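Enquirer: With the sequence up front, the predicted model follows.
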Amino acid sequence: MKDFVILKNESSQEYICFINNVEDVEYFLEDISKEIRTLGRTKIIIDLFLTNGYSYNRFFEFNIITNELLLINPRNIDNEIYKTVAMYLKNNIQLLENSALSLALKKIVLNQLMSINI
């Protein structure tokens, strides 16, 4: 499995980059830049859920022109993005199992994911 995946939010035509492991996102920025250039974009939201869980520093906006990573308040993230990520996680449960999240949080997230209808 790749270190990250670019997910398309169908309803709003937005993209989100979900990091598939617990390594530092800095290692992947060059590859992320290449992929979002092919999409004709200059910015993308990066989701670090597997490392940071529901914390305030879960989302960053990456600007490929300036190479800046800016923290995004989770309240400013569209609900459709949360749904897109939840569906991806539900279809890739092994990512949650291998995450840096506590066992208690993994159980909570797993219960939430199992209640989602695909």
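Expert: Yes, it's here.
Enquirer: Can you classify residue 66 by secondary structure?
Expert: coil (DSSP: H, G, I helix; E, B strand; the rest coil).
Enquirer: Residue 6 too?
Expert: strand.
Enquirer: And for the one 10 residues further on?
Expert: Reduced to three states with three-state DSSP, the structure at residue 16 is strand.
Enquirer: And for residue 82?
Expert: Assigned by three-state DSSP, the conformation of residue 82 is helix.
Enquirer: How many residues are close by it?
Expert: Residues lying near residue 82 (other Cβ atoms under 10 Å) number 15. To be clear about C-beta, it is placed using only N, CA and C from the backbone, and glycine gets the same treatment.
Enquirer: any idea how far residue 47 is from it?
Expert: 9 Å (Cβ to Cβ, to the nearest Å).
Enquirer: Same check on residue 32?
Expert: 12 Å.
Enquirer: Between those two, which has more neighbouring residues?
Expert: More neighbours surround residue 47 than the other of residue 32 and residue 47, with 28 against 19 (other Cβ under 10 Å).
Enquirer: ok, back up a step: now for residue 32 and residue 47: what residues contact both?
Expert: residue 17 (Cβ atoms under 8 Å, 6 or more residues apart in numbering).
Enquirer: Could you point out which residue ranges in this protein have low pLDDT?
Expert: Along the chain, segments meeting pLDDT under 70 span 118.
Enquirer: Show me where it has its strands.
Expert: 4-9, 14-19, 43-47, 59-63, 68-72 (DSSP state E).
Enquirer: Any idea which of those gets closest to residue 89?
Expert: strand 14-19 (8.3 Å; Cβ to Cβ).
Enquirer: Between strand 43-47 and the closest one, find me the angle.
Expert: 40 degrees (axes from the mean of the first three to the mean of the last three Cα atoms, to 10 degrees).
Enquirer: Just checking: what are the partner strands of strand 14-19?
Expert: strand 4-9 (antiparallel), strand 43-47 (parallel) (DSSP bridges).
Enquirer: winner for burial among the ones you listed?
Expert: strand 43-47 (a mean of 21; mean count of other Cβ atoms under 10 Å).
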